[in-house]
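Engineer: Predicted model, plus sequence, below.
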Number of protein chains: 2
Amino acid sequence: MMASPLWLEDLHVGQTFVSDPVTVTTEAIKAFAAEFDPQPFHLDEEAARDTLFEGLAASGWHTAALTMRMLVQCFPLAGGLVGAGGETTWPRPTRPGDALTVHVEVLEITPSRSRPDRGMIRTRSTTRNQHGEAVQISTVRIVAWRRPA
Amino acid sequence: MMASPLWLEDLHVGQTFVSDPVTVTTEAIKAFAAEFDPQPFHLDEEAARDTLFEGLAASGWHTAALTMRMLVQCFPLAGGLVGAGGETTWPRPTRPGDALTVHVEVLEITPSRSRPDRGMIRTRSTTRNQHGEAVQISTVRIVAWRRPA
């Protein structure tokens, strides 16, 4: 279901959103890595075995990109999701076959002093695998627009 | 040219690395967005015109993924580039036709107290377009391995 767009006035601190799950295949992990992060532990099961990851693991940037896709699906900010920046950690890697889900929470809402049509919100997105383990935690600042008069 | 792998002992604060350029096409921007960040300003020139971006712009996660590819090329850490986490900002968007280059600097080197085979380094990567303007700045913590005895 497509939710209606959310304006600055519709948001409150503590509000949460949860995405549908996305399953990550071996093929997708290798294809992303071949294009953007061509390192042995993201490309080949055999080569990955003797590395820090002890087996094939998705690039952290692949996890980040999939997280973005889930955010677009579950957090329908009016005007779109445009991040100004943020902090990201990857507590553990995404593995082939993982079903990821994102849980977003609004941490802070700051109306702009100079631009009355917008504000900045800070959100924390936690991306978990099917065991409930966090594979990514990111705290991002996002523009939120005030409902047009 | 493939540089020789760098161990913890080979690194020093202030050391820099610069990547070869990567050119970003309209097709690549749209393909990445369709898969990972399906929002109008990343998908369609017409729809992008009346948004915050005032024209087609790459997803920030696309810029991040391309930055990773350039880092793998220019910063040959022994054992590979494995980020533990970091901060990322996108001062301006990547546009169709941009030729991006990454400049990496080693900011900090912290040998592990509990694990004598490794350390953690902190680097700042600045991704610039062909006009020298920063499209991404990220400060990332990365594992560095000590040369085996």
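Structural biologist: Arrived safely.
Engineer: Going by C-alpha atoms from here, please, whenever you check contacts or count neighbours.
Structural biologist: OK.
Engineer: Show me the strands in chain A, by range?
Structural biologist: Counting by DSSP state E, one finds strands in chain A at the ranges A:16-18, A:22-23, A:83-89, A:99-111, A:118-128, A:134-145.
Engineer: what's the longest helix in chain A?
Structural biologist: Ranked by residue count, the top helix of chain A under DSSP state H comes out as helix A:60-74.
Engineer: Could you pull up the contacting residues of A:R124?
Structural biologist: A:V104, A:E105, A:V106, A:L107, A:I137, A:S138, A:T139, A:V140 (CA atoms under 8 Å, 6 or more residues apart in numbering or on different chains).
Engineer: hmm, back to that, for the longest helix of chain A, output the C-alpha coordinates as PDB.
Structural biologist: Below are the C-alpha coordinates for helix A:60-74, written out as PDB (Å, rounded to 0.1, in the frame of the first residue of the first chain):
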ATOM      1  CA  GLY A  60      28.300  -2.300   3.100                       C
ATOM      2  CA  TRP A  61      27.400   0.100   0.300                       C
ATOM      3  CA  HIS A  62      25.100  -2.600  -1.100                       C
ATOM      4  CA  THR A  63      23.400  -2.800   2.300                       C
ATOM      5  CA  ALA A  64      23.200   1.000   2.300                       C
ATOM      6  CA  ALA A  65      21.600   1.100  -1.200                       C
ATOM      7  CA  LEU A  66      19.000  -1.600  -0.300                       C
ATOM      8  CA  THR A  67      18.200   0.300   2.900                       C
ATOM      9  CA  MET A  68      17.500   3.400   0.800                       C
ATOM     10  CA  ARG A  69      15.200   1.400  -1.400                       C
ATOM     11  CA  MET A  70      13.300   0.200   1.700                       C
ATOM     12  CA  LEU A  71      13.200   3.800   3.100                       C
ATOM     13  CA  VAL A  72      11.600   5.100  -0.200                       C
ATOM     14  CA  GLN A  73       9.000   2.400   0.200                       C
ATOM     15  CA  CYS A  74       8.100   2.900   3.900                       C
END
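Engineer: Check which helices and strands it sits against.
Structural biologist: helix A:26-36, strand A:99-111, strand A:134-145, helix B:26-36, helix B:60-74 (3 or more CA pairs under 8 Å, 6 or more residues apart in numbering or on different chains; DSSP states H and E).
Engineer: who's in contact with it?
Structural biologist: A:2-3, A:17-22, A:29, A:32-33, A:80-81, A:90, A:93-94, A:101-102, A:104, A:127, A:135-136, B:35-39, B:61-62, B:64-65, B:68, B:83.
Engineer: Next, the angle helix B:26-36 makes with it.
Structural biologist: Here helix A:60-74 points in a direction 70 degrees away from that of helix B:26-36 (axes from the mean of the first three to the mean of the last three CA atoms, to 10 degrees).
Engineer: Quick check: buried residues in helix A:60-74?
Structural biologist: Within helix A:60-74, the residues scored as buried using 16 or more other CA atoms under 10 Å in any protein chain shown are A:60-74.
Engineer: Same question for stretch A:22-29.
Structural biologist: Under the neighbour-count criterion of 16+ other CA under 10 Å, stretch A:22-29 has A:V22, A:V24, A:T26, A:I29 buried.
Engineer: where's that stretch relative to the chain centroid, distance-wise?
Structural biologist: 16 Å (CA atoms, centre = their mean, to the nearest Å).
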